[in-house]
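Peer 1: return atomic coordinates for the entry below.
(one chain, ligands or ions: 1)
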Amino acid sequence: MNTSAAPHEMKHNQVLILLSCLLLGLKWTGIWADERLDYAFFAGIMLVVGLPHGAVDHLIHIQLKRQNELTLQSLLRFVSFYVALLLLYGTVWFFFPTMSLIFFILLSCYHFGQSQWYYFFSSSPVLSGIVYILWGLAVLSYIVLWNSSEALLILNSLIPTLTRDNLSEIIGNKWSQIPTLLSIIPAIFLSSKFRTFPKSVIFWEVVSLLAIGLVSYFCGLLVGFAAYFGFWHSTKSLAAIVRNLRSVHPGYSLSQFYKDAFVFSFISIAGIVLLLLSLPHLDLGIHPVMLFFVLISLLTFPHMVILEQLYSRPK
Ligand SMILES: CC1=C(/C=C/C(C)=C/C=C/C(C)=C/C=O)C(C)(C)CCC1
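Peer 2: Model (predicted):
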């Protein structure tokens, strides 16, 4: 348990809740109605925090390995490891898309839960792993199941058998109730923390889930995902990364972070834009947003391995 992190996580949650209210206000009043704004918001979030938060993994890696300096040799070794994992996972996606999607979703849920609730755990990797996955599943279900038509359109281009009819046969037509059911276990977990954490910390975690749910429900798939991914996941991971680097390089600042993140953010953006532009010529029959998620999953796979080491490091 890391109770000393609770106050700043609570403040962070409050700021993000405020941002979510602002977003909901813009949507409800009709000021934000143009669909092009949804795409612009999605792209903006990816550029400003989404991609950069995963672009200093090389620095975290050398810091965790207790090497003081980044040498050309250590950078090359790291990049080879990254590219090897990326290519391996890319090949698996190509041959086994359904299995890869399930793997990606479970890993993402774990990664999402970890960035939000890491401070509730210090040991017990099994319990924390289960709780992280369940938290992530609840949040992802708000985003995907409350926007199921949009989500199916994207998913269907990768897995043609994934249709509403086929899914209804498995889970019936009670889609929209699944997110509420999935919220029960994180809620039970939070109530078990009343004795060890201040009530206000628990309260703002509940409101955070509510805010993510409301934005997902009212703002559509793209904005719902971008708001969760950008506001909550990326800024929280980014804060953890900066805190970590600051523990070794006192005075490490946000502007230094963005300078350090520039090269790999630029390479990722250029790669994604290139692949999306060449999509019409590749004849893959895959929806551009789905291709984007596959590309993100490739970049995210090695990133999750590095962040796992950062969060599970003894405090
Ligand atoms: C929203 C959404 C999906 C899930 C996306 C996920 C799970 C993204 C995870 C990103 C991560 C983990 C980034 C890490 O930094 C699907 C199901 C692919 C398609 C429908 C829309």
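Peer 1: where are the low-confidence patches of the protein?
Peer 2: In the predicted model of the chain, residues 1, 67-68, 314-315 satisfy pLDDT under 70.
Peer 1: show me where it has helices.
Peer 2: Secondary structure of the chain (DSSP state H): helices at 6-28, 35-45, 57-64, 72-95, 97-117, 125-145, 148-156, 164-171, 178-191, 199-226, 235-248, 254-282, 288-311.
Peer 1: dump those to JSON lines, plus mean neighbour count and distance to the ligand.
Peer 2: To be clear about C-beta, it is placed using only N, CA and C from the backbone, and glycine gets the same treatment. Formatted as JSON lines, the entries for the helices of the chain read as follows, by neighbours: other Cβ atoms under 10 Å; distance: least, Cβ to the nearest ligand atom, whole Å:
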{"stretch": "helix 6-28", "mean neighbour count": "16", "distance to the ligand": "16"}
{"stretch": "helix 35-45", "mean neighbour count": "15", "distance to the ligand": "11"}
{"stretch": "helix 57-64", "mean neighbour count": "20", "distance to the ligand": "11"}
{"stretch": "helix 72-95", "mean neighbour count": "13", "distance to the ligand": "11"}
{"stretch": "helix 97-117", "mean neighbour count": "19", "distance to the ligand": "4"}
{"stretch": "helix 125-145", "mean neighbour count": "20", "distance to the ligand": "5"}
{"stretch": "helix 148-156", "mean neighbour count": "16", "distance to the ligand": "4"}
{"stretch": "helix 164-171", "mean neighbour count": "10", "distance to the ligand": "13"}
{"stretch": "helix 178-191", "mean neighbour count": "16", "distance to the ligand": "13"}
{"stretch": "helix 199-226", "mean neighbour count": "20", "distance to the ligand": "4"}
{"stretch": "helix 235-248", "mean neighbour count": "18", "distance to the ligand": "7"}
{"stretch": "helix 254-282", "mean neighbour count": "14", "distance to the ligand": "11"}
{"stretch": "helix 288-311", "mean neighbour count": "19", "distance to the ligand": "4"}
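Peer 1: any chance of CSV for those helices, columns distance to residue 51?
Peer 2: Written out in CSV, the entries for the helices of the chain read as follows (distance: least, Cβ to Cβ, whole Å):
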stretch, distance to residue 51
helix 6-28, 19
helix 35-45, 10
helix 57-64, 12
helix 72-95, 14
helix 97-117, 15
helix 125-145, 19
helix 148-156, 20
helix 164-171, 31
helix 178-191, 28
helix 199-226, 12
helix 235-248, 11
helix 254-282, 5
helix 288-311, 8
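Peer 1: please report how far residue 113 lies from residue 210.
Peer 2: 17 Å (Cβ to Cβ, to the nearest Å).
Peer 1: and residue 33, by the same measure?
Peer 2: In this view, residue 33 and residue 210 are 24 Å apart by Cβ to Cβ.
Peer 1: again with residue 71
Peer 2: For residue 71 relative to residue 210 (Cβ to Cβ), the value is 47 Å.
Peer 1: before we move on, what about residue 72?
Peer 2: Distance of residue 72 to residue 210, computed by Cβ to Cβ: 48 Å.
Peer 1: go on, residue 231?
Peer 2: Residue 231 sits 14 Å away from residue 210 when distances are taken as Cβ to Cβ.
Peer 1: ok, residue 17 next?
Peer 2: Using Cβ to Cβ, one obtains 8 Å as the distance from residue 17 to residue 210.
Peer 1: next: residue 309.
Peer 2: In terms of Cβ to Cβ, residue 309 sits 32 Å off from residue 210.
Peer 1: repeat for residue 249
Peer 2: Applying Cβ to Cβ, the value for residue 249 to residue 210 is 37 Å.
Peer 1: do residue 85 as well
Peer 2: 36 Å.
Peer 1: do the same with residue 51
Peer 2: Counting by Cβ to Cβ, the gap from residue 51 to residue 210 is 28 Å.
Peer 1: now swap in residue 302 and tell me
Peer 2: Counting by Cβ to Cβ, the gap from residue 302 to residue 210 is 33 Å.
Peer 1: for residue 304, same thing?
Peer 2: Taking Cβ to Cβ as the criterion, residue 304 is separated from residue 210 by 27 Å.
Peer 1: likewise residue 199?
Peer 2: Counting by Cβ to Cβ, the separation of residue 199 from residue 210 is 16 Å.
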